[in-house]
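Peer 1: Okay, here's the prediction I keep looking at, along with the sequence it came from:
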Amino acid sequence: MQTDPTGILLVDKPKGPTSHDIVDVVRRHFGIRSTGHCGTLDPMATGLLVLLLGKATKLSERLMGEDKEYEGTLTLGVSTDSQDAEGVKLAEKPVPPLTDDEIRAAFESFKGDLLQTPPMVSAKKIAGIPLYKLARKGKVVERKPRLVHIYRLDILRIALPEVDFRLLCTKGTYVRTICHELGEKLGCGGHLSRLRRTASGKFRVENAHTLEAIQKWGRQDLERQMIHPLDARF
């Protein structure tokens, strides 16, 4: 039996599969028993997914705690139950004639410490049950707000009803909740319509590999491309 390689693999996740799906593809393709990831990306999201292979899975807690950077799009005027484009439409309102300054002021107000309540349609567990499973049954349960920190929330483009942005935040931040609350603040509702993780700690998506490319590799290719834990320079 081959020994599992030990290292860190940076994957540029495509839209569609879950983070667990990506882990499963890599595990099966290379025959690796111990594989995990550091920070879930929703199916609609793309970008950096940090995979840990072999004994590197022991670094999971440390890497999960790293700050994250994202680029995304807020679409104003439509609210959904999941707070993103995958959810069921709850309300639709006309987008008012907002000025750039009004939009920038709203974004500015979300910088710093922020108390977030996890959305019902999320993987957050209550009494061991993921919230989304309760939401499917029409249940709404009390969720404790948690403190996150927004270091940067920069607007990249305004083309109403869309606003593109870049976000640097602490772990566990719900970007779709920020979009939902921005929509409420701007008076017309809104949701996250695009999300791409560009960095996790010191790792950047520019150095990640597509799933299509990884599936063409052999074990030796994997060992050449993965990052050794000692080279990660935490």
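Peer 2: Here it is on my side, so go on. Numbers count the residues shown, from 1 in each chain.

Peer 1: residue contacts, the closest residue to residue 146 other than its chain neighbours?
Peer 2: Closest residue in space to residue 146, ignoring its immediate chain neighbours: residue 116 at 6.0 Å, by C-beta to C-beta, 6 or more residues apart in numbering. Bear in mind the C-beta positions are built from the backbone N, C-alpha and C, glycine included. Each residue near residue 116 by C-beta atoms under 8 Å, 6 or more residues apart in numbering is listed here: 145-148, 173-174, 177-178.

Peer 1: would you list the residues you listed in a markdown table and tack on secondary structure, distance to residue 54 and neighbour count?
Peer 2: Listed next are those as a markdown table, based on DSSP: H, G, I helix; E, B strand; the rest coil; distance: C-beta to C-beta, whole Å; neighbours: other C-beta atoms under 10 Å:
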| residue | secondary structure | distance to residue 54 | neighbour count |
| --- | --- | --- | --- |
| 145 | coil | 37 | 10 |
| 146 | strand | 32 | 14 |
| 147 | strand | 34 | 10 |
| 148 | strand | 31 | 17 |
| 173 | coil | 29 | 20 |
| 174 | coil | 31 | 22 |
| 177 | helix | 35 | 19 |
| 178 | helix | 36 | 26 |
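
Peer 1: Closest to residue 5 out of these?
Peer 2: The closest of these to residue 5 turns out to be residue 173 (C-beta to C-beta; 31.5 Å).

Peer 1: any idea how far the closest one lies from residue 80?
Peer 2: With distances taken as C-beta to C-beta, to the nearest Å, residue 173 is found 19 Å from residue 80.

Peer 1: repeat for residue 210
Peer 2: 29 Å.

Peer 1: Could you look up the SS state of the residue nearest the centre of the chain?
Peer 2: Central residue of the chain (C-alpha atoms, centre = their mean): residue 41, 4.0 Å from the mean position. With DSSP: H, G, I helix; E, B strand; the rest coil as the basis, residue 41 sits in coil.

Peer 1: right, and it touches residue 50 too?
Peer 2: No: in this structure, residue 41 is not within contact of residue 50 by C-beta atoms under 8 Å, at 10.3 Å.

Peer 1: sorry, back to before: what's the spacing between the residue nearest to the centre of the chain and residue 223?
Peer 2: According to C-beta to C-beta, residue 41 and residue 223 sit 25 Å apart.
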